[in-house]
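Participant: after the sequence you'll find the predicted model.
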Amino acid sequence: MALVLNDRVKETSTTTGTGAMALAGAAVGFITFATGIANNNTTYYTIHNQGTNEWEVGLGTLDATSANLTRTTVITSSDGGTAVNFNTGTKDVFCTLPAVKTPDLSLIHISEPTRQEA
């Protein structure tokens, strides 16, 4: 099992509750988790219940068939950082890179290249 990130990975789901999200297929113009992440791998995800204030960002694990995304670790959410008990409706489920997982580039010193004299 590897941590995999990929661009344009987005599916929908109508799953309710706090359990694994059953993935229902790629949104138009996007690829599936099966294609972009692959079976048994982990990825960072966002889930948003369309038309509501319900959302969650976390680390998830795709099952052996890539049909379900288990919400392994919730990083932040509309429920104060705990797993959201999603109500009915269509959810967008997509691969993301959470802000808390990005490096602080202000801590990196990049020097200007030195000029070589001819």
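Facilitator: Yep, that arrived. Numbering: from 1, shown residues only.

Participant: which stretches of this structure form strands?
Facilitator: Listed from the start of the chain, the chain has strands (DSSP state E) covering 10-13, 21-22, 42-49, 55-62, 68-77, 91-95.

Participant: could I get these as CSV with mean neighbour count, distance to Ser111 and mean pLDDT?
Facilitator: For glycine as for every other residue, the C-beta is placed from the backbone atoms N, C-alpha and C. Converted to CSV, those look like this (neighbours: other CB atoms under 10 Å; distance: least, CB to CB, whole Å; pLDDT from 0 to 100):
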stretch, mean neighbour count, distance to Ser111, mean pLDDT
strand 10-13, 21, 39, 98
strand 21-22, 19, 46, 98
strand 42-49, 22, 32, 98
strand 55-62, 22, 35, 98
strand 68-77, 17, 34, 97
strand 91-95, 22, 34, 98
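
Participant: check contacts around Thr72.
Facilitator: Residues near Thr72 by CB atoms under 8 Å, 6 or more residues apart in numbering: 42, 58-61.

Participant: so what sits opposite the residue positioned nearest the centre of the chain in the bridge?
Facilitator: Nearest to the mean C-alpha position of the chain, counting by CA atoms, centre = their mean, stands Tyr45 at 1.4 Å. Per DSSP bridges, the residues bridged to Tyr45 are Gly58, Cys95.

Participant: I figured it hits Thr61, correct?
Facilitator: No - judged on CB atoms under 8 Å, Tyr45 makes no contact with Thr61 at a distance of 9.9 Å.

Participant: ok, the residue nearest to the centre of the chain to Ile31 distance?
Facilitator: Note on Tyr45: its distance to Ile31, by CB to CB, to the nearest Å, is 14 Å.

Participant: next one: Val4
Facilitator: Val4 is 12 Å from Ile31, where distance means CB to CB.

Participant: next: Asp104.
Facilitator: 30 Å.

Participant: which of those two has more neighbours?
Facilitator: Using other CB atoms under 10 Å, the more surrounded residue of Asp104 and Ile31 is Ile31, with 17 against 6.

Participant: my guess is the more buried one contacts Arg8. True?
Facilitator: Yes - Ile31 sits in contact with Arg8 when judged by CB under 8 Å, with a separation of 5.7 Å.
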